[in-house]
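Undergrad: model this:
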Amino acid sequence: MKNNDFTDCAILPKLLKFMLPVLFAMFLQAMYGAVDLFVVGQFSSNADVSGVSTGSQIILTLTNLIVSFAMGITVAVGQKIGQKRPDEAARTVGTGLIIFAAIGVVFTAISTAAAVPLARVMSAPEAAFDITVDYIRICGAGFIVITAYNLLGSIFRGLGDSKTPLIAVGIACVFNIIGDLVFVAGFGMGAAGAALATVIAQLISVVISLVIIRRVKLPFKFTRKDIRFDPPFAGKIVTIGAPIALQEFLVGISFLVLLAIVNGLGLTQSAGVGVAEKVCAFIMLVPSAFMQSMSSFVAQNLGAGKPDRAVKALRDGIAVSFLFGAAMFALTFFHGNLLAGIFSKDAAAVADAWSYLKAYAIDCLLTCFLFCFIGYYNGLQKTKFVMLQGICGAFCVRIPVALLMQRIGGGSLFLIGLATPCSTVVQITMCFIAFFIFKKKKSKFTA
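TA: Modelled structure (predicted):
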């Protein structure tokens, strides 16, 4: 664990060394939905593709809520490690386990009981309605597993360990592929088979990961006595994680509104955007990886009293991320049909997906700034601001622009998709303004 100390040595090599396993883990995570959609697209109908698209977006929204709230543990543990307080880090982890066990149970009940109204709210096409409901219920029944799976990754990233989560995701990805081939291609279960494969794969990953964890040397002693609800540490987790989770939930709602708008256009458009969203999961990998890595890096340096290293990490992260963003823009804007064609054999769905992807290609040039800033502010515990900028982008820009484009754009998915880069521009502007305001306040304080 000595190699996971971010408070000394050169910044960029240290940041990249931590970020790369996070990137590979996110790539494999994205493979989940990609493999599901690929296999379903090859062996099932457009209705199944639409069912996976709509159902997985709902499950993803709830999962992102868990991952975002778990950022409270990542940042809190990272700060304790930076402050050289291992006992408090252990108590933070133990308290987090209790909190997230309760969350997993609640989400399981919600997603299984409310599958029908959720599908109805999403305007799931009539031909894909029952399929969407089945997908939500099957994934929802395994939410306690999904929660444990994502919580383990958040804890280890807080410890500065990005390799163990990579192993866990790799295991899950392998079993998910096997499950898709068995249930979808073999048994012809369509979207339901894809959902079942995902839950089983994550269950296997959690079990194997727990075995691995017992053999990993932690930077603190962790016993069963640490697994208890400790109000002060719970308050810290909630204070940091709740604003991020609320922001992520509301932003997720805005994307669900976008999908509902598209679902109202027809089954082919719904399938096309479903394909495009899976492609987007890959083209946004690098900035997303920097966002997660930045939070851990900044949290440790803040705890160690080295804020200047955090600012330098932000600048380095933006620079490297932008290079990848420019490459993804060129690939997606000019060759998005080739990317979409990987996941669907329907020419009309591929064409709709490419139209939508052109708007996301523009966003590739912008998210390198936004995602690094979000990771930076999360690490600084400025999570209320993160929540504010996310909500402003979602409800003041993304949804209004999408609704406007639906009315005046003649059903153009490119114009509807432009709602996303428009909101990103506003959020980046807010982040830059906040950066200079926080810097000015700090200067007055130190003076």
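Undergrad: so what's the residue positioned nearest the centre of the chain closest to, chain neighbours aside?
TA: Taking CA atoms, centre = their mean, the centroid of the chain lies closest to Asn64, which sits 5.3 Å from it. In space, Asn64 comes closest to Glu248 once its chain neighbours are excluded; the distance is 5.0 Å by CB to CB, 6 or more residues apart in numbering. (Glycine included, C-beta is placed from N, CA and C.)
Undergrad: Arg91 versus that neighbour, what's the distance?
TA: Distance, Glu248 to Arg91, by CB to CB, to the nearest Å: 26 Å.
Undergrad: Correct me if wrong: Gly241 contacts Val67.
TA: No: when contacts are counted by CB atoms under 8 Å, Gly241 is not listed as touching Val67 (9.9 Å).
Undergrad: for the stretch 1-150 of the chain, what are the low-confidence residue spans?
TA: Applying pLDDT under 70 to the stretch 1-150 of the chain flags residues 1-5, 32-33.
Undergrad: how about a cut-off of 90?
TA: Counting by pLDDT under 90, the stretch 1-150 of the chain has low-confidence residues at 1-97, 100-101, 103-104, 107, 110-112, 118-128, 139-150.
Undergrad: elements contacting whichever helix or strand Cys368 is part of?
TA: Cys368 is part of helix 367-379, with elements assigned from DSSP states H and E. Under the contact criterion of 3 or more CB pairs under 8 Å, 6 or more residues apart in numbering; DSSP states H and E, helix 367-379 touches helix 46-82, helix 285-303, helix 307-341, helix 383-391, helix 419-446.
Undergrad: how about it as CSV, C-alpha atoms only?
TA: Output in CSV follows, covering the C-alpha atoms of helix 367-379 (Å, rounded to 0.1, in the frame of the first residue of the first chain):
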residue,chain,number,x,y,z
THR,A,367,-15.9,16.6,-20.8
CYS,A,368,-12.1,16.6,-20.4
PHE,A,369,-12.6,19.9,-18.5
LEU,A,370,-15.9,19.1,-16.8
PHE,A,371,-15.1,15.6,-15.5
CYS,A,372,-11.6,16.6,-14.1
PHE,A,373,-13.2,19.6,-12.4
ILE,A,374,-15.9,17.4,-10.8
GLY,A,375,-13.3,15.0,-9.5
TYR,A,376,-11.2,17.9,-8.2
TYR,A,377,-14.2,19.5,-6.3
ASN,A,378,-15.3,16.1,-4.9
GLY,A,379,-11.8,15.6,-3.5
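Undergrad: between the helix or strand harbouring Arg91 and helix 46-82, how big is the angle?
TA: Assigned by DSSP H and E, Arg91 belongs to helix 86-113. Helix 86-113 and helix 46-82 are oriented at 160 degrees to each other (axes from the mean of the first three to the mean of the last three CA atoms, to 10 degrees).
Undergrad: Would you mind listing the buried residues in helix 86-113?
TA: Neighbour counts over helix 86-113 (16 or more other CB atoms under 10 Å) mark 86, 88-97, 99-100, 103-104, 107-108, 111-112 as buried.
Undergrad: next one: stretch 181-199
TA: Of all the residues in stretch 181-199, those buried under the rule 16+ other CB under 10 Å are 181, 183-184, 189-199.
Undergrad: ditto for stretch 392-412
TA: The neighbour-count check on stretch 392-412 (16+ other CB under 10 Å) flags Cys392, Gly393, Ala394, Phe395, Val397, Arg398, Ile399, Val401, Ala402, Met405, Gln406, Ser412 as buried.
Undergrad: What is the nearest of the residues you listed to Ala148?
TA: Ala394 (28.5 Å; CB to CB).
Undergrad: mind listing what the closest residue to that closest one other than its chain neighbours touches?
TA: Nearest non-adjacent residue to Ala394, counting by CB to CB, 6+ apart: Ser254, 3.6 Å away. Counting by CB atoms under 8 Å, 6 or more residues apart in numbering, Ser254 makes contact with Ala394, Phe395, Arg398, Ile399.
Undergrad: Which of these sits closest to Val275?
TA: Arg398 (20.4 Å).
Undergrad: and that closest one, what does it touch?
TA: Residues in contact with Arg398, defined by CB under 8 Å, 6+ apart, are Ser254, Phe255, Leu258, Ala419, Thr420, Cys422, Ser423.
Undergrad: what's around the spatially closest residue to the fifth one that is not a sequence neighbour, how many residues?
TA: With CB to CB, 6+ apart as the criterion, Thr420 has its nearest non-adjacent residue at 5.3 Å, and that residue is Asp363. Residue crowding around Asp363 was assessed by other CB atoms under 10 Å; the count is 25.
Undergrad: In this structure Asp363 contacts Ala419, no?
TA: No: counting by CB under 8 Å, Asp363 sits too far from Ala419 to count as a contact (10.1 Å).
Undergrad: tell me which element Phe229 falls in.
TA: Following DSSP H and E, one finds Phe229 outside all helices and strands.
Undergrad: which residues of the stretch 251-400 of the chain score low on pLDDT?
TA: Looking at the stretch 251-400 of the chain by pLDDT under 90, you get 251-285, 288-289, 292-293, 295-308, 310, 341-349, 378-381, 383-384, 387.
Undergrad: In contact with Ala124, which residues?
TA: Ser50, Gly51, Thr54, Thr132, Val133, Asn263.
Undergrad: coming back round to it: need the three-state assignment for the residue nearest to Ala394.
TA: Under DSSP: H, G, I helix; E, B strand; the rest coil, the three-state class of Ser254 is helix.
Undergrad: Output the contacts of Ala124 in CSV, with distance to Gly41 appended to each entry.
TA: CSV is the format used below for these (distance: CB to CB, whole Å):
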residue, distance to Gly41
Ser50, 11
Gly51, 12
Thr54, 15
Thr132, 16
Val133, 20
Asn263, 18
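Undergrad: right, and out of those, which lies closest to Tyr376?
TA: Thr54 (33.5 Å).
Undergrad: still on that earlier bit, which of the buried residues of stretch 392-412 sits closest to Gly272?
TA: Among the buried residues of stretch 392-412, Ser412 lies closest to Gly272 (CB to CB), at 12.1 Å.
Undergrad: Which pLDDT does the model give that closest one?
TA: Reported pLDDT at Ser412 in the predicted model: 91.
Undergrad: From Phe107, how far out is it?
TA: Applying CB to CB to Ser412 and Phe107 gives a distance of 36 Å.
Undergrad: Tell me who's in contact with Thr132.
TA: Contacts were defined as CB under 8 Å, 6+ apart; by that measure Thr132 touches Ser50, Gly51, Thr54, Gly55, Ala119, Met122, Ala124, Ala191.
Undergrad: Distance of Met31 relative to Ala327?
TA: 20 Å.
Undergrad: now Leu151
TA: Leu151 sits 33 Å away from Ala327, going by CB to CB.
Undergrad: And for Phe143?
TA: Separation of Phe143 from Ala327 (CB to CB) stands at 36 Å.
Undergrad: Of these two, which one has the most company?
TA: Legend: neighbour count by other CB under 10 Å for Phe143 and Ala327, higher for Phe143 (24 against 13).
Undergrad: if I pick the more buried one, what's in contact with it?
TA: Leu62, Gly104, Phe107, Thr108, Ser111.
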